[in-house]
Structure formats: structure tokens, C-alpha cells
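Chemist: Requesting a structural model of the entry that follows:
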Amino acid sequence: MPTTKTLREGSTVKRAAILSAARELFLADGFDRSSVDAVAARAEVSKRTVYDYFGDKQTLLQAVVDSVGQSLITTIRRTLDDTLADVTESADLEDALITFSMSIATDMLGSAEYATLQRLVRGESGNLPHRGYNAMANTPDEAIADRFAAFGEAGVLDVPDPRLAADQFIALTFGVALDRLGSANAAEDTRVRPLVVEGVRTFLRAYRTR
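Modeler: Coordinates of the predicted model:
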């Protein structure tokens, strides 16, 4: 399968229009029933333009999934900046991590973008590069790890391995909610917050500086 990097870059506006049209059709009609002709018509471009930019329909699906993943990664990075950037004292960390986690559980895990990603990945797994394809890959974990590393340098956390700490933090908060409830959408389920709060406290018992 060709990748978007090897294909024509072209107009940013046209690419965005094609991705938007494909996303709408894949969600409404499914991948198999959505033709390149229909995508082109909705995007108001020629069929040849779709092929020039994306090569084939499977590569277009991957590009749609990746674009949604990038949007969610942007939300995570923005939330990290909004909730944790100014934390310099250990005493402030619990509230800040809870605020960060609850923001992710509402603004990201409760968002239409996240629901779209889940629908596309689960419903069209056979048309993606491999089963379990993850458009976000390790980026969220690494972004959290970078922030934990900064906390370690500031003496707020004791994190010899920031990436491991990030993985454990995610497992103790969102991971527990997903395993227990099947969802970490705090906007729809009030049971998420107590699990997140206890997860943050458990994490800090292990990693807060003494």
C-alpha cells in the first residue's frame, strides 16, 4: 500500500476537502460502499485528483484515520500545557493530575473525534495496514512522559524511567476506567471520576518525591 508521503502533496485545501468527504462517507456508508467517485463528487474535485493525492481508497482510509489521530494528539498536548505546565510544587500535583485526567476523559475520550476514530478502526480494521492499527501510536504516552521527565528535573516527581511512569499513569487512570466500565468518557459516566482520582493517588504514592 503506498503512503501519503510518496504521493502528491498538492493543495492543502483540496487535501482537506478530500479527507473530510471521505470521512463523512466512510462513517455514513462504510468503506466498501463508498466509491472514489462519490468522494470526489463530495469534495468537488476530480477522481484523478483523489488518486493523485492518495493513490488508492485504502491509503485514503488510512489518511482519514491518521488525521483524526493527529487531532486527538493535538488535544492531549494542549491539555498538558493547560493543566500541568505551571506546576512547580509537589503539593499542587495531585489536583493538577486529576484536572488533566478529567479534561482528557471529557474533551478527548468524550469527543466526536474519539468516537470517529474508534468507529473507523473497529469497523474498517480489515482495510487498514494491519489489525489493531493505531493512528496515535505511542505519541500520547511519550508526551506525558516528557512532562513527567520535566517534573523529575524539577524535583516534583521521582521518575527514573519517565516513559514507564507515563504507561503506569495511563493504566491506573484511563486504563482502569476502560477495563472496569468499557469507557473512560467522564462526560457520560459519573463512575469515571472516582476511578481517576484513586488512580492518580496510587500513582503519586509510587512516584511523588519524598
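Chemist: Pull the contacting residues for the nearest residue to residue 192 once chain neighbours are set aside.
Modeler: Excluding the flanking residues, the one nearest residue 192 by CB to CB, 6 or more residues apart in numbering is residue 186, at 4.0 Å. Every C-beta, even on glycine, is put in place using the N, C-alpha and C of the backbone. In this structure, residue 186 makes contact with 102, 105-106, 109-110, 192-193, 196, judged by CB atoms under 8 Å, 6 or more residues apart in numbering.
Chemist: Distance check, residue 186 against residue 102.
Modeler: 6 Å (CB to CB, to the nearest Å).
Chemist: tell me, what's touching the two both at once?
Modeler: With CB under 8 Å, 6+ apart as the test, residue 186 and residue 102 both reach 193, 196.
Chemist: Now do the spatially most central residue of the chain against residue 200, distance only.
Modeler: Against the mean C-alpha coordinate of the chain, by CA atoms, centre = their mean, the closest residue is residue 72 at 3.9 Å. In this view, residue 72 and residue 200 are 21 Å apart by CB to CB.
Chemist: What of residue 106?
Modeler: For residue 106, the distance to residue 200 - CB to CB - is 16 Å.
Chemist: Tell me which of the two has more neighbours.
Modeler: Relative neighbour count places residue 200 above the other of residue 106 and residue 200, with 23 against 18, counting by other CB atoms under 10 Å.
Chemist: Where does the nearest residue to the more buried one once chain neighbours are set aside sit: helix, strand or coil?
Modeler: Of all residues not flanking residue 200 in the chain, residue 97 sits nearest, at 4.6 Å (CB to CB, 6+ apart). Following DSSP: H, G, I helix; E, B strand; the rest coil, we place residue 97 in the helix state.
Chemist: Quick check: residue 97 touching residue 203?
Modeler: Yes. Counting by CB atoms under 8 Å, residue 97 touches residue 203, with 7.3 Å between them.
Chemist: shared neighbours of those two, anything?
Modeler: residue 169.
Chemist: Which parts of the protein are helices?
Modeler: 12-29, 36-43, 47-54, 57-84, 93-103, 112-123, 139-153, 162-170, 176-181, 192-207 (DSSP state H).
Chemist: Those: which one's closest to residue 129?
Modeler: Relative to residue 129, the nearest member of those by CB to CB is helix 57-84, separated by 6.4 Å.
Chemist: For the closest one, name the packing helices and strands.
Modeler: helix 12-29, helix 36-43, helix 47-54, helix 93-103, helix 112-123, helix 139-153 (3 or more CB pairs under 8 Å, 6 or more residues apart in numbering; DSSP states H and E).
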